[in-house]
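**Student:** let me see the structure of the following:
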Amino acid sequence: MQSRVRTKLNTENFLIDLSDLLRAGIDVDFALGVLSEQSGLHKVVARELREHLRSGSSLSNAFTAVQFPKHIVRFVHIAELTGELDIVLQRVSELLSKQRMRREKFFKMLSYPTLVLLLSIGVLYILAAMVMPSFEQMYRSMHLMLTPSTMYIFELSHAMVIGVPVLISFLVISGVFFLVFWKRISKSVLHILLFYSLSRSIIQVWKGRETMEILSFLLSAGIDLLSSLHVLEEIDAGHMALYWHQVISSLKEGKTFSVALSIVPYLPSLVCEMIALAETTGNLEQTSTRLYIHLERMIDRKMERSLRIIEPSLTIGLGLVVGGATLFLMLPMLAMVKQLS
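**Tutor:** Okay, here's the model as predicted:
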């Protein structure tokens, strides 16, 4: 089976459509037949899944053969064991939708300041590369003396003409490098960021929210704790798989879940404290849900606080760009007029 390019949005839409048909009382084979009559990627994926099912494969093996992500396959396998395929697929699609919306919100938050920064650099570069050489040539042709401020502006423009392309090339190369090798270096980068208090708190809240969201989803679906941890191990295979393996081993040795979680550096201390309290009350599912909601609110507050900081910073930055452009133009002109007069 050849690999297929499948975006997260396509996966989410396919699971939503399949769960809607199953919740309407239609069996899996007929539901895949309905989806195979649609156009686009749904048609190809549904047809291949249906072929694997009719050849005797289980649904989870069919999802594996069509090369769905491993954590989706694990969810489907759990749904087969519980017999609630429609409910599990619906919750998985909702989980994927929430994660996609958070990513889009994060990128939208960064896109505007990035665009403003690039435009500001472009304006200053145009002034340094096109306007300042004309002024410098006028000074030479008129044999005018360069004042210290004018000389500094000309030297700064020369440095910008050379430095800005180098800076942009460095950023482009770095971006391409991180995109290509991010899966290999992300674990090391996150491990380094854990040494700094500010970045550590952000990472712990983010990973803790993600972990509690998936754990509460699995526990509410009737999955036992060990199976849920195996799912977490497969979902976060790059960053926390080793820690989840150690947590599972600790549980099998007889340790409590809160003690086993304490070895995971990507989780805030609040998670271990609340899980320890849940072990005494027996409400692990409700506690994980409350933890997820609490950490979600913390992330929303941090993002709102960041937006409140970014907006005035953009205003100040634009003011500096406009002021710098004005100085670039006015100081050489004023010095020239003063000498000519």
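**Student:** show me where the stretch 151-300 of the chain has strands.
**Tutor:** Using DSSP state E, counting those that start in this stretch, the stretch 151-300 of the chain contains no strands.
**Student:** shaky segments in it?
**Tutor:** Of all residues in the stretch 151-300 of the chain, those with pLDDT under 70 make up the ranges 182-183, 236-239.
**Student:** rerun at 80
**Tutor:** In the predicted model of the stretch 151-300 of the chain, residues 178-194, 196-198, 210, 213, 217-218, 220-223, 231, 234-241, 300 satisfy pLDDT under 80.
**Student:** can you show me the helices along it?
**Tutor:** 197-220, 225-235, 241-252, 257-261, 269-281, 284-340 (DSSP state H, counting those that start in this stretch).
**Student:** out of these, which comes closest to residue 119?
**Tutor:** helix 284-340 (8.5 Å; CB to CB). In this view, the C-beta of every residue, glycine as well, is placed from N, C-alpha and C.
**Student:** now the helices of the stretch 151-300 of the chain in TSV, with mean neighbour count and distance to residue 33?
**Tutor:** Below are the helices of the stretch 151-300 of the chain laid out as TSV (neighbours: other CB atoms under 10 Å; distance: least, CB to CB, whole Å):
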stretch	mean neighbour count	distance to residue 33
helix 197-220	19	29
helix 225-235	18	29
helix 241-252	16	37
helix 257-261	19	43
helix 269-281	16	44
helix 284-340	15	36
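**Student:** the ones you listed: which one's closest to residue 114?
**Tutor:** Nearest of the helices of the stretch 151-300 of the chain (CB to CB): helix 284-340, 10.7 Å.
**Student:** export the helices of the stretch 151-300 of the chain as CSV, with columns for distance to residue 88.
**Tutor:** Below are the helices of the stretch 151-300 of the chain laid out as CSV (distance: least, CB to CB, whole Å):
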stretch, distance to residue 88
helix 197-220, 9
helix 225-235, 11
helix 241-252, 21
helix 257-261, 23
helix 269-281, 23
helix 284-340, 15
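**Student:** grab the nearest non-local neighbour of residue 214.
**Tutor:** residue 232 (6.1 Å; CB to CB, 6 or more residues apart in numbering).
**Student:** kindly report the same for residue 78.
**Tutor:** Nearest one to residue 78, counting by CB to CB, 6+ apart, is residue 223 at 5.5 Å.
**Student:** could you give the number of residues near the one you found?
**Tutor:** Residues near residue 223, counting by other CB atoms under 10 Å, number 21.
**Student:** try residue 51
**Tutor:** 15.
**Student:** can you check the pLDDT for it?
**Tutor:** pLDDT for residue 51: 86.
**Student:** let me know the helix or strand that the most centrally placed residue in the chain is in.
**Tutor:** Centroid check for the chain by CA atoms, centre = their mean gives residue 103 as the closest residue, at 5.1 Å. Assigned by DSSP states H and E, residue 103 belongs to helix 85-126.
**Student:** quick one: that helix to chain centroid distance?
**Tutor:** The chain centre lies 8 Å from the centre of helix 85-126; the measure is CA atoms, centre = their mean, to the nearest Å.
**Student:** what is the subsequent helix or strand relative to it?
**Tutor:** Counting by DSSP H and E, what follows helix 85-126 is helix 132-142.
**Student:** give me the number of residues near the closest residue to residue 57 other than its chain neighbours?
**Tutor:** Take residue 57 and drop its neighbours on the chain: the residue closest to it by CB to CB, 6+ apart is residue 65, 7.0 Å away. Counted by other CB under 10 Å, the residues lying close to residue 65 total 16.
**Student:** likewise for residue 96?
**Tutor:** Using other CB under 10 Å as the criterion, the residues surrounding residue 96 number 20.
**Student:** could you measure from it over to residue 335?
**Tutor:** 62 Å (CB to CB, to the nearest Å).
**Student:** please apply the same query to residue 272.
**Tutor:** 66 Å.
**Student:** ok, back up a step: for the residue nearest to residue 78, phi and psi?
**Tutor:** phi -80, psi 140 (degrees, to the nearest 10).
**Student:** just the C-alphas of stretch 44-53, formatted as CSV.
**Tutor:** C-alpha atoms of stretch 44-53 as CSV (Å, rounded to 0.1, in the frame of the first residue of the first chain):
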residue,chain,number,x,y,z
VAL,A,44,-10.2,6.5,-1.7
VAL,A,45,-9.8,6.0,2.1
ALA,A,46,-13.3,4.5,2.6
ARG,A,47,-12.9,2.2,-0.4
GLU,A,48,-9.6,0.8,0.9
LEU,A,49,-10.9,0.4,4.5
ARG,A,50,-13.9,-1.4,3.1
GLU,A,51,-11.7,-3.8,1.1
HIS,A,52,-9.6,-4.6,4.1
LEU,A,53,-12.6,-5.3,6.3
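**Student:** residues in contact with that stretch?
**Tutor:** Residues from elsewhere that reach stretch 44-53 (CB atoms under 8 Å, 6 or more residues apart in numbering): 1, 4, 6, 14, 28-29, 32-36, 38, 59, 61-63, 65-66.
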